[in-house]
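**Q** Got a sequence here, can you build the structure:
(one chain, ligands or ions: 2)
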Amino acid sequence: MHTLGNTTPSLGYILALDLGTTGNRAFVFNADGKIVGQAYKELTQYYPQPGWLEHDPQQIWQDTCWVMQTAIRNAHIVPSAIAALGLTVQRETCLIWDKTTGKPLHRAIVWQDRRTAPLCHQLQEQGYANEIYDRTGLIIDAYFSATKFRWLLDKFTDVDLNNVLAGTIDTWVLWNLTGGIHATDHSNASRTMLMNLKTCEWDENLLELFQIPAHILPQIQPSLGVFGVTDATLLGAEIPITAILGDQQAALFGHGCDRPGLMKCTYGTGSFLVAHTGDQIVRSHHQLISTVAWTQANLRGTLDVGYALEGSMFTSGACIQWLRDRLKLIKTAAESEAMANQVKDNGGVYFVPAFSGLGAPYWDMSARGAFFGITASVQPEHLVRAVLEAIAYQVLEVVQAINASSSTPVGRLTVDGGACENNFLMQFQADVLGIPVERKVMRDTTVQGAAFAAGLAVGFWQSYEALVQQRQIERVFEPGSDTPLSNFATWQKAVKRTLAWEE
Ligand SMILES: Nc1ncnc2c1ncn2[C@@H]1O[C@H](COP(=O)(O)OP(=O)(O)O)[C@@H](O)[C@H]1O
Ligand SMILES: O=P(O)(O)OC[C@H](O)CO
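**A** Ligands and ions are numbered 1, 2, ... in the order given. Have a look, this model is predicted:
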């Protein structure tokens with residue numbers, strides 16, 4: 001076992017994989033919790049139809065191998081010096097594959113994909129909303145995996161299901177890493193809409209409702225614990241895989257949010273505000289979902305389950321990518337900050353980032369994105385600024401929902417994720433929230449959380465508190481005095497105009 005500050009020559013490293021929506025990364029951490037090697041590869045996004053989004057599972061697997069090998073090479077270590085591997089992934093995105101050939105039957109359907117909205121509407125109309133919420137903590141939406149699995153199985157009705165395996169991205173990569181272990185963890189399983197939040201097992205009623213055969217689903221295991229070892233032919237060593245978590249839960253873990261009152265907000269492709277609720281399932285009356293934070297087997301041989309409340313906002317950093325790649329208003333995501341600062345206000349422009357419908361607190365699969373308030377004097381800078389402001393307004397609405405669900409209002413927001421680099425966004429966020437926004441030196445909290453979990457699970461590190469306490473604050477954005485909250489009301493008016501847009 002290592003205490004912090006005590007490096008050892010053999011088994012001195014933890015490898016962590018963060019397989020996100022926009023790209024896949026691997027980091028190597030030493031016993032001090034410092035990064036000694038890393039690699040990243042952007043992932044191709046396939047948009048076969050408006051509102052649809054797919055990823056190539058083979059590319060995810062190949063890029064996973066490449067980032068692992070490159071990070072290890074950059075760290076100048078031998079793979080046999082790695083004590084454990086932690087895996088964290090984009091959640092809900094899922095696929096089915098042939099277990100004999102190892103080939104996916106179709107590209108993975110990504111969490112943002114809206115193709116199953118009609119089936120979700122049908123379930124709502126049939127009155128399943130309360131039962132599904134009660135069993136899973138989730139609100140019926142195309143976001144979650146169950147209807148995506150149904151769509152995939154409907155497309156391949158002639159295949160022999162005895163040869164088919166199903167899973168989210170963690171399961172697919174684990175199966176490939178280990179040469180055939182078919183498992184997932186409770187945090188990822190809780191996002192499928194097939195796991196019962198109370199029993200933490202696949203829910204037979206829901207399997208029946210969605211017509212998903214239990215035998216094609218992975219075994220659900222504790223998030224912290226041994227899942228298997230990497231196939232020795234991959235890296236030249238059998239590395240124990242000792243943690244699997246959904247990426248938002250990994251960030252929660254990395255921030256040290258392990259009890260009620262602690263929460264974080266990640267600004268990646270979407271924004272996800274997640275609050276730990278201890279060992280209790282807390283039900284929100286304000287359109288937040290209840291989910292598993294992470295699980296671990298205890299010494300009594302039973303399961304310790306941590307739960308969370310979550311506000312999922314589907315589109316945030318993704319609109320910055322859109323400004324860059326489609327509208328070509330900026331060359332880099334970072335440029336959005338300078339552009340927003342070039343104008344004194346939004347010029348009356350408001351943006352609704354409903355590219356994939358709207359998540360919390362609206363849960364409207366039919367909403368679509370829009371700019372409002374365009375006049376002849378509007379410049380590109382106003383559009384960019386309006387997009388950044390919208391990202392902050394979405395988070396404000398979710399914080400309001402959290403405050404409405406709790407007797408103690410949120411007093412400080414801890415942030416991470418790609419878009420938290422943006423100083424304009426973070427300052428504007430603090431201004432509209434009226435509370436400080438805290439950014440740590442290490443922004444990649446997701447991958448750090450996966451490393452912490454894997455290292456703690458295998459006894460590489462002993463103290464979770466010591467690991468999270470060494471994370472230094474880089475900057476605190478204090479709220480300004482002239483908070484333009486009337487603009488927030490106008491933005492909410494804009495949001496209402498986009499609801500139920502798609503028939
Ligand atoms: N300086 C920046 N300002 C605003 N957005 C940014 C900035 N840098 C990165 N982003 C956005 O952050 C996202 C990538 O963040 P990341 O946490 O890696 O996301 P994910 O895990 O969803 O792949 C992209 O959508 C990108 O547009
Ligand atoms: O890939 P990220 O970091 O945007 O996270 C995606 C979420 O897990 C979707 O629920």
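
**Q** Which single helix of the chain contains the most residues?
**A** The longest helix of the chain (DSSP state H) is helix 380-405.

**Q** Pairing partners for Lys264 in the sheet, please.
**A** Taking DSSP bridges, one obtains Val274 as the residues bridged to Lys264.

**Q** tell me the contacts of it?
**A** Counting by Cβ atoms under 8 Å, 6 or more residues apart in numbering, Lys264 makes contact with Ala251, Leu252, His255, Cys257, Leu273, Val274, Leu413, Thr414, Val415, Asp416, Thr445. Just so you know, the C-beta spots here come from the backbone N, C-alpha and C atoms, and that holds for glycine as well.

**Q** Among those, which lie within helices?
**A** Counting by DSSP H, the contacts of Lys264 place Ala251, Leu252, Thr445 in helices.

**Q** What subset of these is buried?
**A** Buried members of the ones in helices among the contacts of Lys264, counted by 16 or more other Cβ atoms under 10 Å: Ala251, Leu252, Thr445.

**Q** Let's see the pLDDT reported for the second one.
**A** The reference is to Leu252. If you check Leu252, the pLDDT there is 97.

**Q** Now it: closest residue in space, sequence neighbours ignored.
**A** Val274 (5.1 Å; Cβ to Cβ, 6 or more residues apart in numbering).

**Q** Distance check, the one you found against ligand 1.
**A** Using Cβ to the nearest ligand atom, to the nearest Å, one obtains 14 Å as the distance from Val274 to ligand 1.

**Q** same deal with Ser405?
**A** Separation of Ser405 from ligand 1 (Cβ to the nearest ligand atom): 26 Å.

**Q** got it, and Ser486?
**A** Going from Ser486 to ligand 1 by Cβ to the nearest ligand atom gives 25 Å.

**Q** Which residues are in contact with that residue?
**A** Taking Cβ under 8 Å, 6+ apart, we find Ser486 in contact with no residue.

**Q** follow-up on the earlier one: wait, which of the contacts of Lys264 is closest to ligand 2?
**A** Distances from ligand 2 to the contacts of Lys264, taken as Cβ to the nearest ligand atom, are shortest for Ala251 (8.1 Å).

**Q** just checking, the closest one touches Arg443?
**A** No. Applying Cβ atoms under 8 Å as the test, Ala251 and Arg443 come out as separate, 10.4 Å apart.

**Q** So which of the contacts of Lys264 is surrounded by the most neighbours?
**A** Ranked by the number of neighbours (other Cβ atoms under 10 Å), these place Leu252 first, at 32 neighbours.

**Q** Correct me if wrong: it contacts Ala308.
**A** Yes. If you go by Cβ under 8 Å, Leu252 and Ala308 touch, sitting 6.6 Å apart.

**Q** Could the C-alpha coordinates of stretch 70-87 be exported in PDB?
**A** This file holds the C-alpha atoms of stretch 70-87, laid out as PDB (Å, rounded to 0.1, in the frame of the first residue of the first chain):
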ATOM      1  CA  THR A  70       0.700   5.900 -25.900                       C
ATOM      2  CA  ALA A  71       0.100   7.100 -22.300                       C
ATOM      3  CA  ILE A  72       2.200   4.200 -21.000                       C
ATOM      4  CA  ARG A  73       5.000   5.100 -23.500                       C
ATOM      5  CA  ASN A  74       4.800   8.800 -22.600                       C
ATOM      6  CA  ALA A  75       5.100   7.800 -18.900                       C
ATOM      7  CA  HIS A  76       8.300   5.900 -19.700                       C
ATOM      8  CA  ILE A  77       7.100   2.900 -17.600                       C
ATOM      9  CA  VAL A  78       6.600  -0.800 -18.300                       C
ATOM     10  CA  PRO A  79       3.000  -2.000 -18.200                       C
ATOM     11  CA  SER A  80       3.900  -4.500 -15.500                       C
ATOM     12  CA  ALA A  81       4.500  -1.600 -13.200                       C
ATOM     13  CA  ILE A  82       0.800  -0.700 -13.300                       C
ATOM     14  CA  ALA A  83      -1.100  -1.800 -10.200                       C
ATOM     15  CA  ALA A  84      -4.600  -1.300 -11.500                       C
ATOM     16  CA  LEU A  85      -6.800   0.100 -14.200                       C
ATOM     17  CA  GLY A  86      -9.800   2.300 -13.700                       C
ATOM     18  CA  LEU A  87     -12.400   2.700 -16.500                       C
END
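
**Q** that older thread, a markdown table for the ones in helices among the contacts of Lys264, including distance to Glu204?
**A** Formatted as a markdown table, those follow (distance: Cβ to Cβ, whole Å):
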| residue | distance to Glu204 |
| --- | --- |
| Ala251 | 32 |
| Leu252 | 29 |
| Thr445 | 36 |
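
**Q** who in the stretch 1-150 of the chain is up against ligand 1?
**A** Contact residues (Cβ under 6 Å from any ligand atom) of the stretch 1-150 of the chain with ligand 1: Gly20, Thr21, Thr22, Gly23.

**Q** Kindly recompute the last result at 5 Å.
**A** Gly20, Thr21, Thr22 (Cβ under 5 Å from any ligand atom).

**Q** Next, count neighbours for the closest residue to Gln112 other than its chain neighbours.
**A** Ranked by Cβ to Cβ, 6+ apart and with sequence neighbours excluded, the top spatial neighbour of Gln112 is Ser356, at 4.1 Å. Ser356 has 27 neighbouring residues, counting by other Cβ under 10 Å.

**Q** Need the residues touching each of Ala251 and Arg443.
**A** Listed as contacting both Ala251 and Arg443 by Cβ under 8 Å, 6+ apart are Asp416, Gly417.

**Q** Can you tell me which residues in the stretch 251-400 of the chain are near ligand 2?
**A** So the stretch 251-400 of the chain meets ligand 2 at Gly268, Thr269 (Cβ under 5 Å from any ligand atom).

**Q** Would you map the strands across the stretch 251-400 of the chain?
**A** With DSSP state E, counting those that start in this stretch as the criterion, the stretch 251-400 of the chain has strands at 263-267, 271-276, 289-297, 303-313, 350-352, 370-372.

**Q** CSV for those strands, including mean pLDDT?
**A** Formatted as CSV, those follow (pLDDT from 0 to 100):
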stretch, mean pLDDT
strand 263-267, 95
strand 271-276, 95
strand 289-297, 96
strand 303-313, 96
strand 350-352, 98
strand 370-372, 98
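
**Q** export those strands to JSON lines and tack on distance to Ala81?
**A** Output for the strands of the stretch 251-400 of the chain, formatted as JSON lines (distance: least, Cβ to Cβ, whole Å):
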{"stretch": "strand 263-267", "distance to Ala81": "30"}
{"stretch": "strand 271-276", "distance to Ala81": "33"}
{"stretch": "strand 289-297", "distance to Ala81": "25"}
{"stretch": "strand 303-313", "distance to Ala81": "30"}
{"stretch": "strand 350-352", "distance to Ala81": "48"}
{"stretch": "strand 370-372", "distance to Ala81": "52"}
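
**Q** Compare those strands and give me the one nearest Lys344.
**A** Of all the strands of the stretch 251-400 of the chain, strand 350-352 sits nearest to Lys344, with 16.3 Å by Cβ to Cβ.

**Q** what does the stretch 401-503 of the chain put close to ligand 1?
**A** Contacts of the stretch 401-503 of the chain with ligand 1, taken as Cβ under 5 Å from any ligand atom, map to Gly417, Gly418, Ala419, Glu421, Asn422.

**Q** would a markdown table of the residues you listed with neighbour count, secondary structure and pLDDT be doable?
**A** Below are those laid out as a markdown table (neighbours: other Cβ atoms under 10 Å; DSSP: H, G, I helix; E, B strand; the rest coil; pLDDT from 0 to 100):
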| residue | neighbour count | secondary structure | pLDDT |
| --- | --- | --- | --- |
| Gly417 | 25 | coil | 93 |
| Gly418 | 21 | helix | 93 |
| Ala419 | 25 | helix | 96 |
| Glu421 | 16 | helix | 96 |
| Asn422 | 21 | coil | 98 |
